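K.L.:
Need coordinates for the following:
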Amino acid sequence: MAAKLTENSQGIAYGVSAYMMWGCFPLFFALFQGVPAYEVLIHRIIWSCVFLALVITLMRRWAPVRDALAHPGRLGRVLGCAVLIALNWGVYIYSVETHHVLQASLGYFLTPLINVALGMLILRERMARLQGVAVLLAGAGILVQLILLGTMPWIALILALSFGTYGLLRKQILLDGLSGLFVETLLMLPLALLAVSWLVQAELSHFIQDTRTLLLLTASGVVTAIPLLAFAGAARRLRLATVGFLMYINPSMQFLIAVFVFKESISAVQLASFSLIWLALALYSWSAWRVMQAARSGAAVHGADARND
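P.N.:
Residues are numbered from 1 along each chain as shown. I've put the predicted structure just below:
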């Protein structure tokens, strides 16, 4: 029992650490003043690939990578994941550079609800009644902004849809998070290196502009990989439902950073939109908790019946 509690405590510590690091990403990417989002993205791909290769070497985890690369026919979905995660990274960096961190936080608040909708539409998964209401409330939250402000929160929608679709594809790939992200960045590496070469030849590169920028661009790989390693530690020790609840730390921190650090203004309409989505998330979480409790009760009854037999 004590060992189980220790394992659970370690998992929660890893999970909270991972989501807090992701939540602080706006503070890191705000440091790239004057460097275009596309160039930050290019270097994030390159240095993530380099750092992940070092981590995989230290952890002696090359076997799943070799197996994936030995079957090129299976790499189609991995390439799809690579394109989606690059789109997600690029739009996120752009949101920080253009002072739209509130929209970014909205996108990650929407992600679990997008996952439910994609599961129903594509995987034909059954949606619980409360989950259906939650998805409708989230849709209403987006419509509030569209009708009353006359603008669609494109950044939020692209982030939510790209990350939700990424998660959908990743479920169909037999690679752990670390190996999967390495192969994804590896597939994008040739294009990233070509882009860097072009920037250097066109004298548009900021990489060698000064030491500070060089170090920041290089550090983007480390900053990408470390939360992933912490998340992997949490996923191994915790139930999926617990990890799902912890994920709200990330957009909540981004929301607070946007309002109190970057001083982004939030209108009454935007607050109403967020409130509808927060209500949707509360319903979704309540539904997930009920399903989890029902599953545990069923397992306990089944175990008792087995012992009686």
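K.L.:
shaky segments in the stretch 201-309 of the chain?
P.N.:
Filtered on pLDDT under 70, the stretch 201-309 of the chain yields the residue ranges 240-241, 292, 295-309.
K.L.:
For it, which segments are assigned as helices?
P.N.:
Remark: helices assigned in the stretch 201-309 of the chain by DSSP state H, counting those that start in this stretch are 211-237, 240-246, 249-256, 268-308.
K.L.:
Can you check which of the ones you listed gets nearest to residue 108?
P.N.:
For residue 108, the closest of these is helix 249-256, at 3.9 Å, according to C-beta to C-beta. The way it works is simple: take the backbone N, C-alpha and C, and place the C-beta from them, glycine included.
K.L.:
what angle do that closest one and helix 211-237 make?
P.N.:
With axes from the mean of the first three to the mean of the last three C-alpha atoms, to 10 degrees applied, the angle from helix 249-256 to helix 211-237 works out at 140 degrees.
K.L.:
which residues sit against helix 249-256?
P.N.:
Applying C-beta atoms under 8 Å, 6 or more residues apart in numbering, the set of residues contacting helix 249-256 from outside is 16, 19-20, 22-26, 101-102, 104-109, 274.
K.L.:
buried subset of those?
P.N.:
Neighbour-count burial (16 or more other C-beta atoms under 10 Å) is assigned, among the contacts of helix 249-256, to 19, 22-26, 101-102, 104-109, 274.
K.L.:
among those, which are in strands?
P.N.:
Members of the buried ones among the contacts of helix 249-256 lying in strands (criterion: DSSP state E): none.
K.L.:
Residue 283: which of these is nearest?
P.N.:
residue 109 (13.2 Å).
K.L.:
So that closest one versus residue 134, what's the distance?
P.N.:
According to C-beta to C-beta, to the nearest Å, residue 109 and residue 134 sit 12 Å apart.
K.L.:
where do the contact lists of those two overlap?
P.N.:
residue 281.
K.L.:
coming back round to it: most tightly surrounded among the helices of the stretch 201-309 of the chain?
P.N.:
For the helices of the stretch 201-309 of the chain, average neighbour numbers computed from mean count of other C-beta atoms under 10 Å are highest in helix 249-256, which has a mean of 20.
K.L.:
Can I get it as CSV, trimmed to CA atoms?
P.N.:
Presented in CSV, the C-alpha positions along helix 249-256 are these (Å, rounded to 0.1, in the frame of the first residue of the first chain):
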residue,chain,number,x,y,z
ILE,A,249,-3.0,23.2,-15.3
ASN,A,250,-1.4,24.1,-18.6
PRO,A,251,-4.1,26.3,-20.2
SER,A,252,-5.0,27.8,-16.7
MET,A,253,-1.4,29.0,-16.3
GLN,A,254,-1.4,30.3,-19.8
PHE,A,255,-4.6,32.2,-19.1
LEU,A,256,-3.2,33.8,-15.9
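K.L.:
Look up how far residue 261 lies from the closest residue to residue 24 other than its chain neighbours.
P.N.:
Leaving aside its sequence neighbours, residue 24 sits nearest to residue 253 (C-beta to C-beta, 6 or more residues apart in numbering; 6.6 Å). Relative to residue 261, residue 253 is positioned 10 Å away (C-beta to C-beta).
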